[in-house]
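K.L.:
Give me a 3D structure for the following:
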Amino acid sequence: MSAKEEGNVPPTEDVKKEGDEQINLKVQNSQGGEVFFKIKRSTPLRKLMEAYASRSGVSLNSIRFLYDGQRLNSDSTPKELNMENDDAIDVVLQQTGGSFSI
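P.N.:
Have a look, this model is predicted:
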C-alpha cells in the first residue's frame, strides 16, 4: 500500500500565512471618482499608490493619499494600519504655496 492510500500524506491545500489574505480597498478622489484595488494585507501601500497614479494619468508626486484623515506613508501596509475590507482611501492634489494674511 502506498502512503497516500494509508492516509499518511498531509493535505495539499494552500495554507495562507496569517496576514497574507487579500483586502479590497477603495481609492476615491474629490470629484467622486472611485478605483478599487485588491491587495494583500502585507503589501506596502506604495504599490497601490503607484498603480492609482498610473491608472489616473497623474504624477505620484502631485497627489497625496489619506486614510482616516492622516497622510499615508508609502511603506505602510494595510495590516499595520488595521485596515478592513472595503475601507476607503482619499486621494487629493498636493497644494503648495499659499500664505495666511490678516
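K.L.:
Give the next helix or strand downstream of the longest helix seen in the chain.
P.N.:
Assignment by DSSP state H gives helix 46-56 as the longest helix of the chain. Of the helices and strands lying after helix 46-56 in sequence (DSSP states H and E), the nearest is strand 63-67.
K.L.:
Please report how far residue 92 lies from residue 79.
P.N.:
Residue 92 sits at a distance of 24 Å from residue 79 (criterion: C-beta to C-beta, to the nearest Å). For glycine as for every other residue, the C-beta is placed from the backbone atoms N, C-alpha and C.
K.L.:
Residue 59: what's it in contact with?
P.N.:
The neighbourhood of residue 59, defined by C-beta atoms under 8 Å, 6 or more residues apart in numbering, consists of residue 53.
K.L.:
Residue 92 and residue 79: which is more packed in?
P.N.:
Counted by other C-beta atoms under 10 Å, residue 92 and residue 79 do not tie: residue 79 has more neighbours, with 16 against 12.
K.L.:
What separation do you get for that one and residue 46?
P.N.:
Taking C-beta to C-beta, one finds residue 79 at 14 Å from residue 46.
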